[in-house]
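Enquirer: fold the following for me, if possible:
(2 chains)
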There are 2 protein chains.
Amino acid sequence: MNQKFVEKTVSSQQIFDGKIIKVFVDTVELPNGKHATREIVRHPGAVGILAVTKENRVLMVKQYRKPMNQFLYEIPAGKLEPGEDPKLCAIRELKEETGYVATNMTPFSKFYTSPGFADEFIHLFYAEGIEAGEATPDEDEFVELVELTLDESIEMIEKGKIVDAKTIISIYYLQMMLLKGREK
Amino acid sequence: MNQKFVEKTVSSQQIFDGKIIKVFVDTVELPNGKHATREIVRHPGAVGILAVTKENRVLMVKQYRKPMNQFLYEIPAGKLEPGEDPKLCAIRELKEETGYVATNMTPFSKFYTSPGFADEFIHLFYAEGIEAGEATPDEDEFVELVELTLDESIEMIEKGKIVDAKTIISIYYLQMMLLKGREK
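Expert: Prediction:
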């Protein structure tokens, strides 16, 4: 695409400097020369972990989410600390939220969650050789570990009981890999 | 999960009332009785459209995204107008961004993009019986239509050239359905 489609920043105003997010309103010059505003949420980024037990159960956490006042089923996940290596973050978050320890983490997907208004970027990892252990949640973190089969997970997506983007990507990926493996 | 894990709202302060997003900082009471703050972005929600041409090409739009200062490949998508039916929104957005007209839209997935801090909810639709036509983009919308095979799309995800959550979900879904069909 022609670089003329880039939006040039005319000015940038910080609206909010929170503990997790920062909010900016930028004025940009559009390709047609007109000015427009862009509302932008800056986020530190996060990791998500697809972890499957020896009994072929996918590890999920059930967790209250304030923005939608609802409990959601999600794969274990967490925000990146400043400068933190995503792989180490994935090992740390899996242990904190589920107690499971992984021997290795293999990246399998990465994406922006809401590119229209936020720069949050999620790195997904597949946890290798996991072993159960003691969970060590943050003091203010309340999550319940749930173990689901792949079929149960797919069914919950179809029924709208799993409604989290990173979790759906992970479950679809797992299903896809399994179906591809059977093809060979 | 026990309802005691719900976070009770103690107070809510609106920080920003933008054209697209609204930002709140809520003080909540945690299950352990302590108080904490929650930074919440409210968003009107959106639709995304998985549309495959008769020549088996997936319709994508390449578009500049200000939050990451980058051009992204995404399935056609757009924000819901207040009170708008998601299916009608999907028909409208597909026509605006690509010119293609669908005879019907079948919902196949729905999810929160960033449940930790935002309530944005995306409805995905599969566009049936699409026919090419004239695109009618908003005056201030600059998108380029790109048509990709499924294999090209999968490869671009693997190489990190497609990095949008709703697009990855749609492509994985298409691949999964195709593999399942072959199994039968």
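Enquirer: can you show me the strands along chain A?
Expert: Taking DSSP state E as the test, the strands found in chain A are A:8-17, A:22-29, A:35-42, A:46-51, A:58-65, A:70-74, A:77-79, A:104-112, A:121-128, A:143-148.
Enquirer: buried deepest among those strands, which one?
Expert: Relative to the other members of these, strand A:46-51 carries the highest mean neighbour count by mean count of other CB atoms under 10 Å in any protein chain shown, namely a mean of 25. C-betas here are computed from N, CA, C, even on glycine.
Enquirer: residue farthest from the centroid of chain A?
Expert: Counting by CA atoms, centre = their mean, the extreme residue of chain A relative to its mean C-alpha position is residue A:33, 36.2 Å from that point.
Enquirer: run through chain A and note the low-pLDDT ranges.
Expert: Along chain A, the parts satisfying pLDDT under 70 run over A:1-4, A:184.
Enquirer: if you count contacts, what does the longest helix seen in chain A end up packed against?
Expert: Of all the elements of type helix in chain A, the one with the most residues (DSSP state H) is helix A:165-183. Taking 3 or more CB pairs under 8 Å, 6 or more residues apart in numbering or on different chains; DSSP states H and E as the contact definition, the neighbouring helices and strands of helix A:165-183 are strand A:46-51, strand A:58-65, strand A:70-74, strand A:104-112, strand A:121-128, helix A:150-158, strand B:104-112, helix B:165-183.
Enquirer: and residue A:121, how close does it get to residue B:68?
Expert: 8 Å (CB to CB, to the nearest Å).
Enquirer: what sits in contact with each of those two?
Expert: With contacts taken as CB atoms under 8 Å, 6 or more residues apart in numbering or on different chains, residue A:121 and residue B:68 have residue A:112 as neighbours in common.
Enquirer: quick check: domain ranges of chain A?
Expert: Under the assignment automatic domain parsing, the domains of chain A span A:3-42, A:46-179.
Enquirer: circling back to that earlier point, indicate which one of the strands of chain A is closest to residue A:135.
Expert: Between residue A:135 and those, the shortest separation by CB to CB is 7.0 Å, and it involves strand A:143-148.
Enquirer: quick one: that closest one to strand A:58-65, angle?
Expert: Interaxial angle of strand A:143-148 relative to strand A:58-65 (axes from the mean of the first three to the mean of the last three CA atoms, to 10 degrees): 140 degrees.
Enquirer: for strand A:143-148, list the C-alpha coordinates in CSV.
Expert: As requested, C-alpha coordinates have been extracted for strand A:143-148 and formatted as CSV (Å, rounded to 0.1, in the frame of the first residue of the first chain):
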residue,chain,number,x,y,z
VAL,A,143,-9.1,-17.5,39.8
GLU,A,144,-10.5,-21.0,39.7
LEU,A,145,-8.6,-23.7,37.7
VAL,A,146,-10.9,-25.7,35.3
GLU,A,147,-9.7,-28.5,33.1
LEU,A,148,-11.7,-29.2,29.9
